[in-house]
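Visitor: Fold the following, please.
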Amino acid sequence: MGYLHINILAVLVAAIVTFGIGALWYSPFLFGKQWIALNGVTPDKVEAMRKGAAKAYGISFLCYVVLAAVFAILIRMVHLQTVLGGAKMGGMLWVGFVATLGLTAALYSGRSIKAFALDAGYQLVFMVVMGLILALWR
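Guide: I've put the predicted structure just below:
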């Protein structure tokens with residue numbers, strides 16, 4: 001069970017960086033306005049989302065910590081040796097799990113492919129970056 005010995009600091013940093021990438025990705029500076037338009041979010045809904053933001057941010061951050069911890073375990077299990085390998089693993093996990101599950105959910109929930117693609121782009125970026133961080137600090 002040696003693969004359970006992971007670098008907790010690396011896991012926390014990966015989660016924080018992922019959260020930061022999301023803050024930038026969904027900001028008005030990048031894709032926030034497009035996300036609102038693609039998802040048909042009304043001004044009233046934006047206000048309601050702002051009121052519940054603390055809870056959503058907290059749950060999201062905990063999810064990123066769990067994701068990073070499992071990712072770190074996988075890196076140890078496969079004895080990943082390079083930072084580039086971490087980035088590649090992030091890309092592969094995205095293709096094999098994140099994108100496929102997200103696309104399936106989008107299709108059955110009636111979301112547009114453009115809305116899915118915007119979210120999937122964020123997920124690809126953070127999975128690659130998370131892999132880099134976790135492989136660097138393995």
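
Visitor: Enumerate every residue touching the residue nearest to Leu80 when sequence neighbours are not counted.
Guide: Leaving aside its chain neighbours, Leu80 sits nearest to Ala135 (5.6 Å; criterion: Cβ to Cβ, 6 or more residues apart in numbering). The way it works is simple: take the backbone N, C-alpha and C, and place the C-beta from them, glycine included. With Cβ atoms under 8 Å, 6 or more residues apart in numbering as the criterion, the residues that contact Ala135 are Ile75, Leu80, Thr82, Val83, Leu84, Gly85, Gly86, Ala87, Met89.

Visitor: do the same with Phe61
Guide: Taking Cβ under 8 Å, 6+ apart as the definition, contacts of Phe61 comprise Ala15, Phe19.

Visitor: residues of the helix or strand hosting it that come out buried?
Guide: Phe61 is part of helix 53-77, with elements assigned from DSSP states H and E. If you call a residue buried by 16 or more other Cβ atoms under 10 Å, then helix 53-77 has these buried ones: Phe61, Tyr64, Val65, Leu67, Ala68, Ala69, Phe71, Ala72, Ile73, Leu74, Ile75, Arg76.

Visitor: any idea where the helices of this protein begin and end?
Guide: 8-25, 32-38, 43-51, 53-77, 83-93, 100-109, 113-136 (DSSP state H).

Visitor: State the distance from Tyr26 to Gly20.
Guide: Relative to Gly20, Tyr26 is positioned 11 Å away (Cβ to Cβ, to the nearest Å).

Visitor: Extract the CA atoms of stretch 89-98 and return them as PDB.
Guide: Output in PDB follows, covering the C-alpha atoms of stretch 89-98 (Å, rounded to 0.1, in the frame of the first residue of the first chain):
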ATOM      1  CA  MET A  89      -1.700  11.100 -17.900                       C
ATOM      2  CA  GLY A  90      -3.900  14.200 -17.300                       C
ATOM      3  CA  GLY A  91      -4.700  14.300 -21.000                       C
ATOM      4  CA  MET A  92      -5.500  10.500 -21.100                       C
ATOM      5  CA  LEU A  93      -7.700  10.700 -18.000                       C
ATOM      6  CA  TRP A  94      -9.500  13.600 -19.600                       C
ATOM      7  CA  VAL A  95     -10.100  11.700 -22.800                       C
ATOM      8  CA  GLY A  96     -11.000   8.400 -21.100                       C
ATOM      9  CA  PHE A  97     -13.100   9.600 -18.300                       C
ATOM     10  CA  VAL A  98     -13.800  13.400 -18.000                       C
END
